[in-house]
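> pasting the structure only:
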């Protein structure tokens, strides 16, 4: 099955030109229609997993783990827009082909509040995936490393450094994901991913045994920006910086309660 062509192009400026071109828009439209037709022809075998999380919280690590563990064809739609009733490949997509009889569709959202995530899921279920078995996951990461990773990200760091409203929004989003959960949404902690997933019955979603994902991927839509395995150490690079210290301020108690963070480190 086709992959997002933009991922095959190494240079960002060339990718940006491609994204704006008419041929690419036509390709996206055709690819969307192709995948939707594939799903419509095989609806009896479809299962859905909805995933939401803050950017840099390990969304793609969770998704890659599920993709590698599934004994099924997997379609992953990345970075979907909220409140849309039809999935689209415009945010990136990845596929794993195994069998047409079993199809796991993973619908990924980023930086949505719990309320927006839930309403976006329900809109999909009411329109594109009626009567399909589903589950909803939200991935959460300890405040030290998620804030450090956002500050380390080229496109996020400027706003986090200069815009107080963005800082407040980011803190409130972390709080929302840790304080608010609905009955049908499972929280997955980045540092306890395997443990938390094992507490969920994933067999209806073609996952009988979880596979550990030790890959580090740097390409767009593919995952982490790490070039080593120091996933829990990034915060040390930012300790003492005013912007970082503000982002973690007053969140330590809840963080320690949920993520078992040792704040003496």
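Thanks, I have the structure now. Being a predicted model, the structure only gives us computed values, none of them experimental.
> And the residue nearest the centre of the protein?
Here the mean C-alpha position of the chain is nearest to the C-alpha of residue 59 (C-alpha atoms, centre = their mean), at a distance of 3.2 Å.
> Would you check that that one makes contact with residue 108?
Yes - with contacts defined as C-beta atoms under 8 Å, residue 59 counts as touching residue 108 at a distance of 6.3 Å. In short, each C-beta sits where N, CA and C put it, glycine included.
> Now list whatever residues contact both of these two.
Shared contacts of residue 59 and residue 108, defined by C-beta atoms under 8 Å, 6 or more residues apart in numbering, are found at residue 51.
> average model confidence for the strand or helix carrying residue 176?
Applying DSSP states H and E as the criterion places residue 176 in helix 164-179. This predicted structure assigns helix 164-179 an average pLDDT of 96.
> again with stretch 115-129
If you average the pLDDT values across stretch 115-129, you get 96.
> Then stretch 189-208?
Confidence for stretch 189-208, expressed as mean pLDDT, is 96.
> Also stretch 134-147?
Over the span of stretch 134-147, the pLDDT mean works out to 97.
> okay, how far is it across that stretch, tip to tip?
30 Å (C-alpha to C-alpha, to the nearest Å).
> before we move on, what about stretch 176-193?
Span of stretch 176-193 from end to end, C-alpha to C-alpha: 20 Å.
> Check what contacts it and list those residues.
Applying C-beta under 8 Å, 6+ apart, the set of residues contacting stretch 176-193 from outside is 53-54, 57-58, 61-62, 65, 113-115, 117-118, 135-142, 145, 196-197, 199-200, 231-232, 254-255, 258-260.
> out of everything not next to it in sequence, what's closest to residue 174?
For residue 174, ignoring the flanking residues on the chain, the nearest one in space by C-beta to C-beta, 6 or more residues apart in numbering is residue 143 at 5.9 Å.
> if I look at that neighbour, how far off is residue 137?
If you measure residue 143 against residue 137 using C-beta to C-beta, to the nearest Å, the figure is 19 Å.
> Between those two, tell me which one has more neighbours.
Neighbours per residue, other C-beta atoms under 10 Å: of residue 143 and residue 137, the larger number sits with residue 143, 25 against 22.
> in the stretch 151-265 of the chain, which spans are helices?
Secondary structure of the stretch 151-265 of the chain (DSSP state H, counting those that start in this stretch): helices located at 154-162, 164-179, 193-198, 242-248, 252-259.
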